Every structure is written in structure tokens, then in C-alpha cells.
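Novice: Sequence and computational prediction follow.
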Amino acid sequence: MKRRKIILIVISLLLCYGVYSFISKIEKDKWVNEPPAIKYSEKRENKVWGGTLRGFNPALFYGKPLYDLAKAMSGWSCLRNDKKIEKLINEFPEEYINFQEGKFGKTIGHFALTTNNMLAIRKLLDRGLNPNIMDRYGDAIIIDINSYPYCKSPESLEILKYMIKKGANVNLYSKRAYTTPLIEASKYGRLVNVKLLVEADANPNFIDDSADFGPYRSPFRSALSAALSYHQIEVVNYLIFDQKVDFRTLKFSEDSKFHPGEYQILYDLREMFFKVNSKRYQEKMKLVAYLKTQGLDYWKTPIEERFRSNPNYTPEYLSKY
């Protein structure tokens, strides 16, 4: 009797799940054909999907031949079936390779990068994926692969090389995100990416003069300014010494509330705190010595009070940093 009762409970649960799945599918199929203003509203997404759709949610491709592929690429990387993913990539219709979903404008290539699936990106490139396509936020694969968290893996470097081989635009400029592949690589201190991009004809002297907001100016408007702002001294020195990028192009505007009309580099260097005699410290001192020959005395640049009053920085250290 007890065993029969358990079986009946299990059957009831399965029936309930089946009914729920059937109703859920009807609701999702209805959702596919709704106008964007309705289907992408928070209320509607919560009702159909149980939450707001994000850039890593395969539901963005529901109703398209890409949905199964997006699902296969989602979740923990250790649980992915690479053979299944490759099979799905080879099978979906060619016209969907650069299809952009309706909410964020992401291609399946954007989605593969979001899920950190470098193998899938390579296979998609072989099928004709365009890495220069931007989504609605100005993100493109050729730009984003140089940024955190992707840029640190050896696999991403190989994919970057492959993208370039496939004709990716190393000088692609995103007006919405105010960035280029080289700016992203410089920002995150990925010197190997920076060198690779420059060797592929990325322009190290590019400056985004549109990234001005009244008296304020984006600190990431060039590869050099991005490297300085993020304290990537190795990249800074590569750009200045190897690529002859002129630091004089970076000045605070005359109406800036911070050091009006002065060179940005001296104040950025004052923000760089490295252990004395470390490799990065030596790189910094190399640049300091060079600037002195160009008429800029780093040692006369004032140390801000917030650093002087910080107990972590002793007077002895401040005299050397």
C-alpha cells in the first residue's frame, strides 16, 4: 500500500510538470511574436522566464535556430559538451551567423564570448561570424576580447590572432563605448595583446576627441591615457618608448577643475604606487628620467594630501615613489 502511494505521488508530480511545461511552452511561443516594447518589459520577462533577461541568457535566442546552441554554451564550462556545440554550430542556417537578437543586439558570437567559449568563437569565425558587429551598447567581439575577464587567458590570445587573420578591424572605434581594441588592451595591461594589435596595424596614436563632457574628459580616450589611468606602466612605456606616442597630447583642459592646462602624465604617475625597486617601480623611474629630459620634473609635482595623510605611505616611501 505504501509503495503504491509513492508511485501515485510520483505520477502526479510528473503529470503536473508535464502540464506546466506545456503551458510554459505556449507562453514562450506567444512571447516570441510580441512587439519588443511588450516582450522585453520587466513584467513580461518575469512572467515568461522567471526573471529579467541578461546578456548571458539563452532565452534571448528563443524561437530561432540558435536557441539550442545558446543553451549548450550556457552554464558551467566543465559541463559543456564541445562536440554537441560544434555540431550545432555546423548545422544552423547560414543566414543566422550574424543575426542580432532583439533586446541587446548581440550575435551568437557575442553570446559565445559572454559565456567565455573560445572554441565556439573559432568555429563561428570559420562559418563567417563578423567580429566587428556592435551590439546596442557598442560592444564588439574584437574589442571586448581585449578586456576583463577574457584577456588573461592564453585561449583568448589565440582567438584574437585568429580574428585578425579572419579580417577583424583592429582599429574599430565604438562611439557608444568610447573605445577601440587597443584602448581596451592597454586599459587592462595586456601588453602581449597591445603588441599583437600594433603589429596588425592598430593605430597607437589614436585619440578620441569626442570623449569630452564639458570641463570633464574621459581618461580612456587613447591607449596611452587608458594605460596611465589604470597604472599599466609596462604598456605606458611600450607606447612612449617603442611606438613614440607623444605624451604631450594628453593635457587637462584649461577649464578643468583638476590641474587646468597641465600635462596629465605627471599626475597619473603620482597615482602609481609600486614597491620600491620592484620591476614596475624601475619602469616608472625610467619614464620619470625621460620626462626630465623633456622639461617635465616629476619630483616637483605635488603629492596630494590624501596620500600624505595615508598611514600606509611613510615619509621615506613618499620621498622615493
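Specialist: The structure has been received and is ready for your questions.
Novice: Show me what secondary structure element comes after the helix or strand bottoming out on mean pLDDT in the chain.
Specialist: Scoring the helices and strands of the chain by mean pLDDT, DSSP states H and E places strand 216-217 at the bottom, with a mean of 47. Note on strand 216-217: by DSSP states H and E, the next helix or strand toward the C-terminus is helix 223-229.
Novice: CA atoms only for the helix or strand hosting E158, dumped as CSV, please.
Specialist: Secondary structure assignment for E158, by DSSP H and E: helix 154-165. Provided in CSV are the C-alpha atoms of helix 154-165 (Å, rounded to 0.1, in the frame of the first residue of the first chain):
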residue,chain,number,x,y,z
PRO,A,154,46.0,32.0,-23.4
GLU,A,155,43.0,30.8,-25.4
SER,A,156,41.7,34.4,-25.9
LEU,A,157,45.0,35.5,-27.3
GLU,A,158,44.9,32.7,-29.9
ILE,A,159,41.3,33.7,-30.8
LEU,A,160,42.4,37.3,-31.1
LYS,A,161,45.1,36.2,-33.5
TYR,A,162,42.6,34.2,-35.4
MET,A,163,40.1,37.1,-35.6
ILE,A,164,42.8,39.3,-37.1
LYS,A,165,43.6,36.6,-39.6
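Novice: what's next to that helix, contact-wise?
Specialist: With contacts defined as Cβ atoms under 8 Å, 6 or more residues apart in numbering, helix 154-165 is touched by 118-119, 121-122, 125, 131, 141-142, 145-146, 150, 170, 192-193, 196, 200. All C-beta spots, glycine's among them, are computed from the backbone N, C-alpha and C.
Novice: Then stretch 239-253?
Specialist: 186, 194, 198, 204-205, 207, 212, 215, 217, 222-225, 227-228, 258-265, 287, 290-291.
Novice: repeat that for 6 Å
Specialist: P204, N205, L224, S225, F258, H259, P260, E262, Y263, Q264, I265 (Cβ atoms under 6 Å, 6 or more residues apart in numbering).
Novice: how far away is T293 from K286?
Specialist: Per Cβ to Cβ, to the nearest Å, T293 is found 12 Å from K286.
Novice: Could you check which of the two is surrounded by more residues?
Specialist: Set side by side, T293 and K286 show more neighbours around K286, with 14 against 7, by other Cβ atoms under 10 Å.
Novice: tell me which element the more buried one falls in.
Specialist: Short version, using DSSP H and E: K286 is in helix 279-293.
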